[in-house]
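Participant: build the 3D model from these lines:
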Amino acid sequence: MKDEKLEAAGLTEIEKSAIGEICDLITASLAKTFSESIDSDVSVEPSQVDVMAFEKIGSLIDTPVLLMHFNCAAALEGQFFFAVYGDGLPEVFDLAIPDDVKETEADDDKILEGLKVIVNQSFSKAFENLAESMGQKIDCSVVDAIVLQDESGFESIGFLYPEGELLNVSTGLVLPSSIVSISYLLPLSVSKQMIELLLKEQQITGPAEGEVAGMAEVIDLEASQQTQFKGQAEEKLKGEEVPKVVDMQPAKFNVLSEEPATVDGNNISLLLDVALEASIELGKTQMTIEEILKLTRGSVIELDKLASEPVEFLVNGKVIARGEVVVIDDNFGIRITEILSPRARLESI
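Facilitator: Alright, predicted model coming up:
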């Protein structure tokens, strides 16, 4: 059913995932701002991206809900609504209460203005960083903020979704004592612009799926240039003596042996003071942007090696030995248990 909705909206699963990652980056910026405001860690829940009918919005988003109206210009043109709701909404409102009135009853308008400043700061910074990474510029700011007490209020924002459908990117922020739900209510036109921006960025950085035609044009251009250069060379060689053809034979090299290599002490002494970068590698792993954004203090990252496996000793990024980790006084060290043969070291270069 979801695939049919995506197809009808003109979005593939890959494009939907890309939009989700953009929203995740913005949410991470908001979480950082909240963390600094309350001096406590605020983590981000995994996002979910779905195409939904606008008439269903009231049944999916609980009220009361804080709706923020955003307007974007330059490389990304259009408007969208950002919704904040759920059990954590009162805690979000508390973040925006000015320090000078926290002991008394705060005015609702002041709270909304404070929230607009906090969210606007996070979104503007996130869009600015995103645009710079693509060589573009995006101006995005809060137009207005309202609180809807019941689902009938959603009718007032229907003008932004003339297709009757929208892209809902839903996630959550884990606050110290509650979880607040958030949703990016993106018109399909804004969603497709985000995809176009990503495609432009991919064309600059390297080929990707769907860019074969563009690469073919580059290849055709290079081929025509090579033909032109060839014609110029042939024109230049007219009337000149044809170069003599030299008989070439493949070079022959001795087979590498497993025996230790011998070196001339006089020659190697010239290199003894050359500094090399040595490092110990415990293991590696691959992580998605979403997984990295979820990292908090105390998170555990699983590596691709067992605890019993030896660690690798690298010089200038090349493995030359393996060993086991030891503790010397208050420092870590490595006891060498295996040294690679000269042949193995040469093959790793």
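
Participant: and the helix or strand that contains Val326, which strands flank it?
Facilitator: Assigned by DSSP states H and E, Val326 falls within strand 318-328. Strand 318-328 has its sheet partners listed here by DSSP bridges as strand 311-315 (antiparallel), strand 331-339 (antiparallel).

Participant: identify the bridge partners of the closest residue to Ala278 other than its chain neighbours.
Facilitator: Nearest residue to Ala278 in three dimensions, chain neighbours excluded: Val315, at 5.2 Å (C-beta to C-beta, 6 or more residues apart in numbering). The C-beta positions use only the backbone N, C-alpha and C, and glycine is treated the same way. Per DSSP bridges, the residues bridged to Val315 are Ala278, Lys318.

Participant: adding distance to Ser29 and mean neighbour count, write the strands paired with strand 318-328 out as CSV.
Facilitator: As requested, those are arranged in CSV below (distance: least, C-beta to C-beta, whole Å; neighbours: other C-beta atoms under 10 Å):
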stretch, distance to Ser29, mean neighbour count
strand 311-315, 35, 17
strand 331-339, 36, 11
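
Participant: in a markdown table: the ones you listed, plus distance to Gln121 and mean pLDDT.
Facilitator: Converted to a markdown table, the strands paired with strand 318-328 look like this (distance: least, C-beta to C-beta, whole Å; pLDDT from 0 to 100):
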| stretch | distance to Gln121 | mean pLDDT |
| --- | --- | --- |
| strand 311-315 | 42 | 86 |
| strand 331-339 | 41 | 86 |
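
Participant: relative to Ser170, which of the ones you listed is closest?
Facilitator: Closest approach to Ser170 among the strands paired with strand 318-328 (C-beta to C-beta): strand 311-315, 42.4 Å.

Participant: need the CA coordinates for that closest one. PDB is fine.
Facilitator: Output of strand 311-315 as PDB, limited to C-alpha atoms (Å, rounded to 0.1, in the frame of the first residue of the first chain):
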ATOM      1  CA  VAL A 311      45.100  -6.100  16.800                       C
ATOM      2  CA  GLU A 312      46.900  -4.800  13.800                       C
ATOM      3  CA  PHE A 313      50.000  -2.600  13.800                       C
ATOM      4  CA  LEU A 314      50.000  -0.200  10.900                       C
ATOM      5  CA  VAL A 315      52.800   2.100   9.600                       C
END
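
Participant: what sits up against it?
Facilitator: Here strand 311-315 makes contact (C-beta atoms under 8 Å, 6 or more residues apart in numbering) with 276-282, 305, 319-325, 334, 336.

Participant: local confidence estimate at Pro207?
Facilitator: Listed pLDDT for Pro207 reads 46.

Participant: how far out from the middle of the chain is stretch 110-129?
Facilitator: Here stretch 110-129 is found 21 Å from its chain centre; the criterion is C-alpha atoms, centre = their mean, to the nearest Å.

Participant: tell me the mean pLDDT for it?
Facilitator: Taken as a whole, stretch 110-129 has a mean pLDDT of 88.

Participant: what comes up buried for that stretch?
Facilitator: Across stretch 110-129, burial judged by 16 or more other C-beta atoms under 10 Å covers 111-112, 114-116, 118-120, 122-127.

Participant: and stretch 169-176, how far out from the chain's middle?
Facilitator: Taking C-alpha atoms, centre = their mean, one finds the center of stretch 169-176 at 19 Å from the center of the full chain.

Participant: spatially central residue for this structure, please.
Facilitator: By C-alpha atoms, centre = their mean, the chain has its centre lying nearest to Ile289, at 4.8 Å.

Participant: what strand or helix carries the closest residue in space to that one that isn't next to it in sequence?
Facilitator: Among residues not flanking Ile289 along the chain, Glu21 sits closest, at 5.6 Å (C-beta to C-beta, 6+ apart). Element membership for Glu21, per DSSP H and E: helix 13-38.

Participant: now the helices for the stretch 101-250 of the chain?
Facilitator: For the stretch 101-250 of the chain, the helices defined by DSSP state H, counting those that start in this stretch occupy 108-133, 188-205, 212-237.

Participant: which regions of the stretch 151-300 of the chain sit below the pLDDT cut-off?
Facilitator: When residues are selected by pLDDT under 70, those of the stretch 151-300 of the chain lie in 200-271.

Participant: 90 - rerun?
Facilitator: For the stretch 151-300 of the chain, the stretches flagged by pLDDT under 90 are 163, 176-177, 192-287, 289-300.

Participant: quick one, which of the contacts of strand 311-315 are buried?
Facilitator: Buried members of these, scored by 16+ other C-beta under 10 Å, are Ile320, Ala321, Arg322, Gly323, Ile334.
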